[in-house]
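**Q** build the 3D model from these lines:
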Amino acid sequence: MISINVYDRVNDTGTDEELKTFSHSEERNVNDFMEKLETYILINSVSPTGYQNIQIITDEIYNQTVRVKGEVVHQIVKQELYQAYLKVKNKRANGVGSLVTLCRKDDSVKVKEILEKNFGHEYEQHKFDILKIIDAATDVRNARFNVKIETVNSISMKGTRVHDTQYYSEMLRKGQLTGVIISYDMPQQTVTFRINVDGSIFLFNQLSDFEILDLVEDLLNI
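**A** So this is what the prediction gives:
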């Protein structure tokens, strides 16, 4: 399962930009020793949809009791690698979909904070309009979609007319909608993914990064 998080850039001017490789270091006290923690932001190719791949290599401190050379320590430093994409061309209005991370929710927040700190940008989680997605799934003109609705009490509904049921109306009124599981016919295969109300996406199929970006573009266009 692949975790995808989409962020909007706050106060984006909408102009194309050129990113540069960046490095940063700081000293932190770890196990009573001043460790040098380093962060590298590597800039790679741009996708056909205008997303530039960035790799973030950073030293992370974890609270963990281990033994090193006969000495017990309670913190370790581990080098982590995160994959993300920044929209540098063909931008949407208001910075919508400017940042896409391909890592766990907690790690995506770290990526966002690293970019905000080093590039001076501000990002907020994109909130997909789940009701529009449900409408697209029940519209015969959007037959590429099939939707399964999930609620906070683990009740699910599946089909083409679930949005017309009394239970669905009651569920919306009570704020019980937590997410939708969607089957979507992409050109190369049918994929299944879940969109939560907080905006996070969980993809159950294996896709290339560019195919994931195409999927994100399709969802943003709804």
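**Q** which other helices and strands contact the helix or strand residue 53 falls within?
**A** Using DSSP states H and E, residue 53 falls within strand 51-68. Applying 3 or more C-beta pairs under 8 Å, 6 or more residues apart in numbering; DSSP states H and E, we find strand 51-68 packed against strand 33-46, strand 71-87, helix 105-119. C-beta here means a position set from N, CA and C on the backbone, and glycine is covered the same way.
**Q** for the record, mean pLDDT for the last one?
**A** This points to helix 105-119. The average pLDDT within helix 105-119 is 91.
**Q** cool, the shortest one as well?
**A** For strand 33-46, mean pLDDT rounds to 94.
**Q** now it: buried residues?
**A** Judged by neighbour count using 16 or more other C-beta atoms under 10 Å, the buried positions of strand 33-46 are 37, 39, 40, 41, 43, 46.
**Q** including distance to residue 70, could the residues you listed go into JSON lines?
**A** Below are these laid out as JSON lines (distance: C-beta to C-beta, whole Å):
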{"residue": "37", "distance to residue 70": "25"}
{"residue": "39", "distance to residue 70": "31"}
{"residue": "40", "distance to residue 70": "32"}
{"residue": "41", "distance to residue 70": "37"}
{"residue": "43", "distance to residue 70": "42"}
{"residue": "46", "distance to residue 70": "50"}
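**Q** from what I see, residue 214 and residue 49 are in contact.
**A** Yes: applying C-beta atoms under 8 Å as the test, residue 214 and residue 49 come out as touching, 6.8 Å apart.
**Q** the two: who's more crowded?
**A** When neighbours are counted by other C-beta atoms under 10 Å, residue 214 comes out ahead of the other of residue 214 and residue 49, with 18 against 15.
**Q** put the alpha carbons of stretch 89-106 into PDB.
**A** The C-alpha coordinates for stretch 89-106 follow below in PDB (Å, rounded to 0.1, in the frame of the first residue of the first chain):
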ATOM      1  CA  LYS A  89       5.300  24.100 -14.200                       C
ATOM      2  CA  ASN A  90       1.600  24.300 -15.300                       C
ATOM      3  CA  LYS A  91       0.600  25.400 -11.800                       C
ATOM      4  CA  ARG A  92      -3.000  25.500 -10.600                       C
ATOM      5  CA  ALA A  93      -4.600  28.600  -9.200                       C
ATOM      6  CA  ASN A  94      -4.100  29.300  -5.500                       C
ATOM      7  CA  GLY A  95      -1.300  26.800  -5.300                       C
ATOM      8  CA  VAL A  96      -3.600  23.800  -5.400                       C
ATOM      9  CA  GLY A  97      -1.700  20.400  -5.500                       C
ATOM     10  CA  SER A  98       1.700  22.100  -5.300                       C
ATOM     11  CA  LEU A  99       3.300  19.300  -3.200                       C
ATOM     12  CA  VAL A 100       2.800  15.600  -3.400                       C
ATOM     13  CA  THR A 101       4.600  13.300  -1.000                       C
ATOM     14  CA  LEU A 102       5.000   9.500  -1.400                       C
ATOM     15  CA  CYS A 103       5.500   8.500   2.200                       C
ATOM     16  CA  ARG A 104       3.600   7.800   5.400                       C
ATOM     17  CA  LYS A 105       1.400  10.600   6.900                       C
ATOM     18  CA  ASP A 106       3.800  11.400   9.700                       C
END
